[in-house]
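*Asks:* sequence? don't have it. structure:
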């Protein structure tokens, strides 16, 4: 049997300031490092058989802290890299609302129909992320952690539940939140979602899905 842990990276200043991150390599802030340390401690008693990570620093640092308890080398893969927001990257939430009004409104109502200017669509993310999960199924048994980003993990959750990307906004995933599936008899079964119970010593997460 395979258990799959989808972990979002810890907090960055751009999460707090609501700036679109995408492929820009933003590092964890002090709270984010603490969150990642708490997540690593939470997972320390599991027998992880592999850890995969996005190459971006905020995810890779989170993965490194998890790996420190398990004597595992991290498999760094672009399949888990953050959503390419294209022209939105580096812009504040408000700036995007003002500059890309029509596309932003469509993003909120029909995210599955949006391709970011000079960027990706959610279907692009799904193809690469699900492709990686297929490889993980073929290569591993036991418990595998995938450390990635909000958009990537939300798209994966939809896919593993058999939902299309129109359900993107029906899922919330906080910084360092983990979602767990088991894979058996050819299907994924959700066993836990957006678990942040281990973050109680850190400041409360922002209420917005960002």
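*Replies:* Thanks, I have it. What you see is a predicted model, and the numbers here were worked out from it, not measured in a lab.

*Asks:* how close does the closest residue in space to residue 97 that isn't next to it in sequence sit to residue 96?
*Replies:* Of all residues not flanking residue 97 in the chain, residue 104 sits nearest, at 5.4 Å (C-beta to C-beta, 6 or more residues apart in numbering). All C-beta atoms are positioned from the backbone trio N, CA, C, and that covers glycine. Separation of residue 104 from residue 96 (C-beta to C-beta, to the nearest Å): 6 Å.

*Asks:* Neighbour count for those two, which is higher?
*Replies:* Set side by side, residue 104 and residue 96 show more neighbours around residue 96, with 20 against 16, by other C-beta atoms under 10 Å.

*Asks:* Quick check on the more buried one: phi, psi?
*Replies:* Torsion angles at residue 96 (phi, psi; degrees, to the nearest 10) stand at phi -70, psi -40.

*Asks:* Provide a list of residues in contact with it.
*Replies:* Contacts for residue 96 (C-beta atoms under 8 Å, 6 or more residues apart in numbering) come out as 20, 88, 104.

*Asks:* Now secondary structure, pLDDT and distance to residue 125 too, for the residues you listed, in TSV please.
*Replies:* Putting the contacts of residue 96 into TSV (DSSP: H, G, I helix; E, B strand; the rest coil; pLDDT from 0 to 100; distance: C-beta to C-beta, whole Å) gives the following:
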residue	secondary structure	pLDDT	distance to residue 125
20	coil	95	15
88	helix	97	15
104	helix	96	18
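
*Asks:* Tell me how far the residue nearest to residue 97 lies from residue 114.
*Replies:* For residue 104, the distance to residue 114 - C-beta to C-beta - is 9 Å.

*Asks:* can you check residue 181 too?
*Replies:* From residue 181 to residue 114 the distance is 26 Å (C-beta to C-beta).
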